[in-house]
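Visitor: Next comes the sequence, and after it the predicted model I'd like to discuss.
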Protein chains: 2
Amino acid sequence: MKQTKIPAVTINRLSFYARYLFLLNLKDVNVVSSTQLARACGVNSAQIRKDLAYFGQFGVRGIGYYVKDLLAELQRILGLNKKWRLGLVGVGNLGAALLRHTHIHHPGYTFVNAFDHDPKRIGVQVGNLIVDPVDEMEETVKTAGIQIGVIATRNKMAQQSVDRFIKGGVRGILSFATVQLQIPPDVHIEHVDFILKLDALCYRLTAN
Amino acid sequence: MKQTKIPAVTINRLSFYARYLFLLNLKDVNVVSSTQLARACGVNSAQIRKDLAYFGQFGVRGIGYYVKDLLAELQRILGLNKKWRLGLVGVGNLGAALLRHTHIHHPGYTFVNAFDHDPKRIGVQVGNLIVDPVDEMEETVKTAGIQIGVIATRNKMAQQSVDRFIKGGVRGILSFATVQLQIPPDVHIEHVDFILKLDALCYRLTAN
């Protein structure tokens, strides 16, 4: 089957399912009913079946889902059974908060390098990392085998940071900048834009 | 027309248009062609026309859009012509970064109170605010007239924080927590979930 046709919202829901199964597994729960899984993830059972049907047949009629098996399957589908090496550029308030973030839900994500252009920040320890200079980014990204680049710079520095990651071999970008960024077709980008979410809230509060 | 039927993605694009028009207006640009606006926002001209058509007729054939007029109209539609009073709960790394965030794109959003349950944080200045105790949240939220509540707590504290905001009269929640939250039907919620975005990137990098 062509996985590229699977909608982004489905992928997001698979993440939710995997999160909840991860928690159940921590508590040694063996089986979860589709109703319980659905309720915990804010969807209905039919939606879960539809989402999973892209990848095969998982539920057992009258039982539900085996927690460990479905979790392993979802982690494999999402690529969360691998280790991912992250680099971050822009160690301001937001960047530093991300580096110190300890709520990561599975051990697959690791920040291996952080970069900044400010001489006052270079060489300083933030979280577990010593901040590296952006001038050496391309080389460091290659050497460290960074796979995902996180953009936490000011908007005007965002594009050149993306370009440096890509020159270093990165094919996945997570951007906290609020500007459009140019990327080649073989690179994937996701935006985290909380001002956009605030604007949407204001619209809803105003329209009602 | 019923504004509630307008899709969330349209509202998000209106924010993008407003942002770009805001920048053009700062530079005293009077007119923007639909091609230029489209390119800057990563869409095509037909999409812009379609999005704006929900609210009326704005473009001028052969000219494009008057920057100041369309910006004012979009700000009115989105509710960005008003001042919005924000409260934040959870002054950890992320919460503190948000309070110190200076990249807000228009002067409409102001954090007026920050709350935490940790005695070591209460009374401490973060950004322009002195951190208040969560115990007094409901009262403070009412008194301060907070309209939007930002959840930057750990997951296990998120639901009670939401409940306190709502008891204080808040009808819009922006959550950085990665758990499902229960809200009454007259309250709006938006989630900022960067782990979900990372998961989606891993899926794309794995599937290709």
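Guide: Received it, and whenever you're ready, just let me know what you need. Numbering: from 1, shown residues only, chains lettered A, B, ... in the order given.
Visitor: For the spatially most central residue of chain A, grab phi and psi.
Guide: Centroid-nearest residue in chain A: A:L174, 7.5 Å away (criterion: CA atoms, centre = their mean). With angles defined as degrees, to the nearest 10, A:L174 sits at phi -110, psi 110.
Visitor: measure it to B:I11 for me?
Guide: 23 Å (CB to CB, to the nearest Å). Any C-beta I mention is one placed from the backbone N, CA and C, and that applies to glycine too.
Visitor: Count the residues that sit near A:A8.
Guide: For A:A8, the neighbour count with other CB atoms under 10 Å in any protein chain shown is 11.
Visitor: Actually, A:L88.
Guide: Neighbours of A:L88 under the rule other CB under 10 Å: 30.
Visitor: Just give the nearest non-adjacent residue to it, would you?
Guide: Spatial nearest neighbour of A:L88, chain neighbours left out: A:V150 (4.3 Å); criterion: CB to CB, 6 or more residues apart in numbering or on different chains.
Visitor: A strand includes that neighbour, no?
Guide: Yes: A:V150 forms part of a strand when assessed by DSSP: H, G, I helix; E, B strand; the rest coil.
Visitor: quick one, what contacts it?
Guide: Applying CB atoms under 8 Å, 6 or more residues apart in numbering or on different chains, we find A:V150 in contact with A:L86, A:G87, A:L88, A:V89, A:G95, A:L98, A:F111, A:I173, A:L174, A:S175, A:F176.
Visitor: how close does the residue of chain A most remote from its centre get to A:S34?
Guide: Most distant from the centre of chain A: A:G62, at 33.8 Å, with distances by CA atoms, centre = their mean. Separation of A:G62 from A:S34 (CB to CB) stands at 11 Å.
Visitor: got it, and A:L88?
Guide: Computed as CB to CB, the A:L88 to A:S34 distance reads 38 Å.
Visitor: now swap in A:Y20 and tell me
Guide: Taken as CB to CB, the span from A:Y20 to A:S34 is 12 Å.
Visitor: Can you name the residues that contact A:D51?
Guide: A:T10, A:R13, A:L14, A:Y17.
Visitor: ok, the longest helix seen in chain A near chain B or not?
Guide: If you go by DSSP state H, chain A has its longest helix at helix A:8-26. Yes: Helix A:8-26 lies within reach of chain B by CB under 8 Å from any CB of the partner chain, at A:A8, A:I11, A:N12, A:L14, A:S15, A:F16, A:A18, A:R19.
Visitor: The second one touches B:L198, doesn't it?
Guide: No: assessed by CB atoms under 8 Å, A:I11 is found out of contact with B:L198, at 11.6 Å.
Visitor: Stretch A:173-182: how far from the chain's middle?
Guide: Centroid separation between stretch A:173-182 and its chain, computed with CA atoms, centre = their mean, to the nearest Å, is 14 Å.
Visitor: hmm, who's touching that stretch?
Guide: Contact with stretch A:173-182 is made by A:94, A:148-155, A:158-159, A:162, A:165-166, A:183, A:187-193, A:195-196, B:19, B:40-42, B:103, B:105, B:194, B:197-198, B:201, as judged by CB under 8 Å, 6+ apart.
Visitor: Those residues in helices, which ones?
Guide: Per DSSP H, these map to helices at A:94, A:155, A:158-159, A:162, A:165-166, A:195-196, B:19, B:40-41, B:194, B:197-198, B:201.
Visitor: where are the low-confidence patches of chain A?
Guide: Low-confidence segments of chain A, defined by pLDDT under 70: A:1-4, A:102-106, A:208.
Visitor: Domain-wise, how is it divided?
Guide: Structural domains assigned to chain A are A:3-76, A:84-196, following automatic domain parsing.
Visitor: So which of the ones you listed is the most surrounded?
Guide: Ranked by mean neighbour count under mean count of other CB atoms under 10 Å in any protein chain shown, the domains of chain A are led by domain A:84-196, which reaches a mean of 19.
Visitor: chain center to it: distance?
Guide: 13 Å.
Visitor: what's the angle from the longest strand seen in chain A to helix A:155-167?
Guide: Identified as the longest strand of chain A according to DSSP state E is strand A:109-116. Strand A:109-116 and helix A:155-167 are oriented at 120 degrees to each other (axes from the mean of the first three to the mean of the last three CA atoms, to 10 degrees).
Visitor: just checking, what packs against strand A:109-116?
Guide: The elements that strand A:109-116 packs onto, with contact taken as 3 or more CB pairs under 8 Å, 6 or more residues apart in numbering or on different chains; DSSP states H and E, are strand A:84-89, helix A:93-99, strand A:129-130, strand A:132-133, helix A:137-144.
Visitor: Reformat those into a markdown table and put distance to A:Y66 next to each item.
Guide: A markdown table is the format used below for the helices and strands packed on strand A:109-116 (distance: least, CB to CB, whole Å):
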| stretch | distance to A:Y66 |
| --- | --- |
| strand A:84-89 | 26 |
| helix A:93-99 | 35 |
| strand A:129-130 | 39 |
| strand A:132-133 | 44 |
| helix A:137-144 | 38 |
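Visitor: So which of those is nearest A:H117?
Guide: strand A:132-133 (7.3 Å; CB to CB).
Visitor: Who does that closest one pair with, and is each partner parallel or antiparallel?
Guide: Using DSSP bridges, the strands paired with strand A:132-133 are strand A:109-116 (parallel).
Visitor: ok, residues contacting the partner strand?
Guide: A:83-91, A:95, A:98-99, A:122, A:126-134, A:137, A:140-141, A:144-146, A:150, A:161, B:195, B:198.
Visitor: how about the next helix-or-strand element following it, does it reach chain B?
Guide: The helix or strand immediately downstream of strand A:109-116 is strand A:125-126, counting by DSSP states H and E. No: for a cut-off given as CB under 8 Å from any CB, strand A:125-126 has no contacts with chain B; the smallest distance is 10.3 Å.
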